[in-house]
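K.L.:
I would like the atomic coordinates for the input below:
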Amino acid sequence: MKKLSLFLCSIMALLLVQCNSDDYPLVPDGEIPIVWAANQVAVVNAENNFGFKLLKDLNDEAPADNIFISPFSVSMAMSMTLNGANGETENAIKSGLEMNDLDMDQINQGYKGLLDRLPTLDEAVALNIANSIWYDPNRVAVEEPFLALCDDYYYSQTAPLAFQDPVSVNIINDWIEEATNGNITDMLDAIPGEAIMYLVNAIHFQANWQTAFNPENTLENHPFYLEDGTTATCQLMRRQDEMMYQANDLFQAVDIPYGDAIYSMTILLPNWGHTTQDIINEMDTENWATWMNNFTLHPEVWLNLPRFTMEYKKNLADILRAMDMEIAFSSGADFSDLGTSLIGGNPHIGRVIHQSFVEVNEEGTEASAATIVEIIAESSAGPPIFEANRPFVFVIRENVSNTILFTGKVMNPEE
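P.N.:
Alright, predicted model coming up:
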């Protein structure tokens with residue numbers, strides 16, 4: 001299923017692009033078209049540009065692998081982090097996110113508007129977007145205005161955690177699992193000693209097709225032809241219907257609506273003799289807008305689509321570094337508006353972990369994604385912190401002969 005499922009990484013970007021297309025029939029006849037504020041359109045355009053660039057880089061790195069990402073999730077998590085950046089660091093992150101022409105108020109207002117509106121556009125579609133910030137007060141003195149900005153514009157939940165406690169990993173993972181309807185589990189493997197903060201975005205999408213596939217028409221063990229010339233098998237869903245369709249020299253495409261057609265899945269199938277790489281190479285904002293406006297309603301289309309479930313996980317740090325953001329991942333970063341490290345070192349980004357899930361079947365689609373931005377500050381630049389705030393063992397010894405005179409443990413210093 002590699003050839004087809006590769007393109008579903010653009011689902012979330014597509015949902016946003018289509019909302020800004022005047023020529024696409026987004027709403028049922030007779031209903032008032034959706035009007036978007038200028039800052040929302042600007043953020044959407046930047047996020048989509050970033051998404052195409054991210055897809056190309058990931059595909060170049062692993063051209064034979066399935067890919068499924070939510071550029072919306074990555075961009076939002078990085079934009080929250082951007083509120084703590086200054087100077088060259090701020091400019092570098094903006095450049096990587098394709099937001100050079102936007103100021104922070106436009107970015108924040110744009111995302112706030114999207115958070116308010118996207119989940120409410122179609123009652124038949126369940127869309128949940130959640131943000132959270134987790135920090136260790138023993139490792140960082142957080143700037144309260146930073147937390148207030150993230151709360152006001154990104155509705156972020158904020159919680160202090162003792163990162164040295166192993167249960168902290170479970171607390172963050174449990175929040176992500178709940179926010180993604182159980183689809184993203186065990187995302188954070190461990191919290192390193194230099195970690196001072198985590199900024200997290202989670203998104204969950206669930207919708208039924210406007211017209212479902214009849215399971216009785218699904219073919220088992222149907223051939224699926226891979227780009228390397230070998231053949232796999234798939235469960236092929238089939239239906240014949242009126243549908244948005246287009247064909248050009250590069251691909252055939254269909255647009256399959258969910259619910260009231262506010263949201264849809266667009267599938268770009270390379271023509272024989274072309275590859276997914278050929279299409280990805282052409283994906284940019286200008287081409288995408290042209291392709292979306294080239295759809296026409298065909299009275300009868302035979303649609304054959306594989307059922308599939310896919311999971312994807314990637315540390316995006318190296319990819320983002322190459323997108324002009326190198327300084328944000330270095331000790332020279334300026335995140336002074338975010339907070340001050342209490343363990344020495346200068347706060348900067350360590351990892352950007354992205355994990356996703358998608359299932360496509362006869363009824364519809366369920367998709368989830370989460371992004372974790374890890375802020376670290378290497379403690380080697382300052383004194384270590386030893387906080388005996390839990391049971392400990394102690395020894396009294398003589399250091400010439402190494403004679404232990406006393407040893408014991410403290411379980412409760414008040415007893």
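
K.L.:
For stretch 190-203, buried residues please.
P.N.:
Neighbour-count burial for stretch 190-203 flags 191, 194-203 (criterion: 16 or more other C-beta atoms under 10 Å). (C-beta placed from N, C-alpha, C; glycine too.)

K.L.:
among those, which two are most distant?
P.N.:
Taking C-beta to C-beta as the measure, the buried residues of stretch 190-203 span a maximum distance of 27.9 Å, between 194 and 203.

K.L.:
still on that earlier bit, which ones among the buried residues of stretch 190-203 map onto helices?
P.N.:
The helices, defined by DSSP state H, take in nothing from these.

K.L.:
Please identify the one among those that lies nearest to residue 375.
P.N.:
Distance to residue 375 across these (C-beta to C-beta) is lowest for residue 197, with 4.0 Å.

K.L.:
Name whatever forms a beta bridge with that closest one.
P.N.:
Beta-bridge pairing for residue 197 (DSSP bridges): residue 135, residue 375.

K.L.:
what's the answer for the one 4 residues further on, then?
P.N.:
Beta-bridge pairing of residue 201 under DSSP bridges involves residue 131, residue 371.

K.L.:
And the next helix or strand past the longest helix along the chain?
P.N.:
Across the chain, the longest stretch assigned as helix under DSSP H is helix 38-61. Sequence order places helix 71-82 as the next helix or strand after helix 38-61, per DSSP states H and E.

K.L.:
quick one: contacts for the spatially most central residue of the chain?
P.N.:
Residue closest to the average C-alpha location in the chain (C-alpha atoms, centre = their mean): residue 73, at 3.1 Å. Contact analysis of residue 73 by C-beta atoms under 8 Å, 6 or more residues apart in numbering lists 12, 201-203, 354, 369-371.

K.L.:
change it to 7 Å
P.N.:
Applying C-beta atoms under 7 Å, 6 or more residues apart in numbering to residue 73 gives the contacts 201, 203, 369-371.

K.L.:
picking that back up, for the longest helix of the chain, which positions count as buried?
P.N.:
In helix 38-61, counting by 16+ other C-beta under 10 Å, buried: 39-40, 42-55, 58-59.

K.L.:
Identify the residues contacting that helix?
P.N.:
Residues from elsewhere that reach helix 38-61, judged by C-beta under 7 Å, 6+ apart: 9-10, 13, 16-17, 20, 67, 69, 71-72, 74-75, 97-99, 102, 106-107, 109-111, 113-114, 277, 280, 283-285, 319, 322-323.

K.L.:
again with stretch 215-226
P.N.:
For stretch 215-226, contacts defined as C-beta under 7 Å, 6+ apart pick out 1-3, 231-239, 306-307, 362.

K.L.:
Let's see that with 10 Å instead.
P.N.:
Stretch 215-226 is contacted from outside by 1-4, 64, 230-240, 272, 304-308, 361-363, using C-beta atoms under 10 Å, 6 or more residues apart in numbering.

K.L.:
Quick one: end-to-end length of it, please.
P.N.:
For stretch 215-226, the first-to-last residue distance is 25 Å (C-alpha to C-alpha, to the nearest Å).

K.L.:
Stretch 154-163 now?
P.N.:
End-to-end distance for stretch 154-163, by C-alpha to C-alpha: 24 Å.

K.L.:
got a pLDDT number for the spatially closest residue to residue 322 that is not a sequence neighbour?
P.N.:
Leaving out its chain neighbours, the residue that sits closest to residue 322 by C-beta to C-beta, 6 or more residues apart in numbering is residue 57, at 7.0 Å. Predicted confidence (pLDDT) for residue 57: 94.

K.L.:
ditto for residue 213
P.N.:
Per-residue pLDDT puts residue 213 at 95.

K.L.:
what about it, neighbour count?
P.N.:
For residue 213, the neighbour count with other C-beta atoms under 10 Å is 23.

K.L.:
now residue 35
P.N.:
Using other C-beta under 10 Å, residue 35 has 7 other residues around it.

K.L.:
Relative to residue 113, how far out is it?
P.N.:
11 Å (C-beta to C-beta, to the nearest Å).

K.L.:
where exactly do the helices run in the stretch 101-250 of the chain?
P.N.:
104-117, 144-154, 167-179 (DSSP state H, counting those that start in this stretch).

K.L.:
So which elements touch the longest one?
P.N.:
Helices and strands touching helix 104-117, by 3 or more C-beta pairs under 10 Å, 6 or more residues apart in numbering; DSSP states H and E, are helix 38-61, helix 71-82, helix 87-96, strand 125-135, helix 144-154.

K.L.:
Tell me if I'm right that residue 278 and residue 271 touch.
P.N.:
Yes - taking contacts as C-beta atoms under 10 Å, residue 278 lies within contact range of residue 271: 9.1 Å.

K.L.:
Out of the helices of the stretch 101-250 of the chain, flag the one nearest residue 260.
P.N.:
helix 104-117 (14.8 Å).

K.L.:
Would you mind pulling the contact partners of the closest one?
P.N.:
16, 19, 34, 36-47, 72, 75-76, 79-80, 82-83, 85, 90, 94, 97, 99, 102-103, 129-131, 149-150, 152-155, 337.

K.L.:
List the buried residues of the longest strand belonging to the chain.
P.N.:
Selection of the longest strand in the chain by residue count, based on DSSP state E, yields strand 231-247. If you call a residue buried by 16+ other C-beta under 10 Å, then strand 231-247 has these buried ones: 234-239, 241, 243-246.
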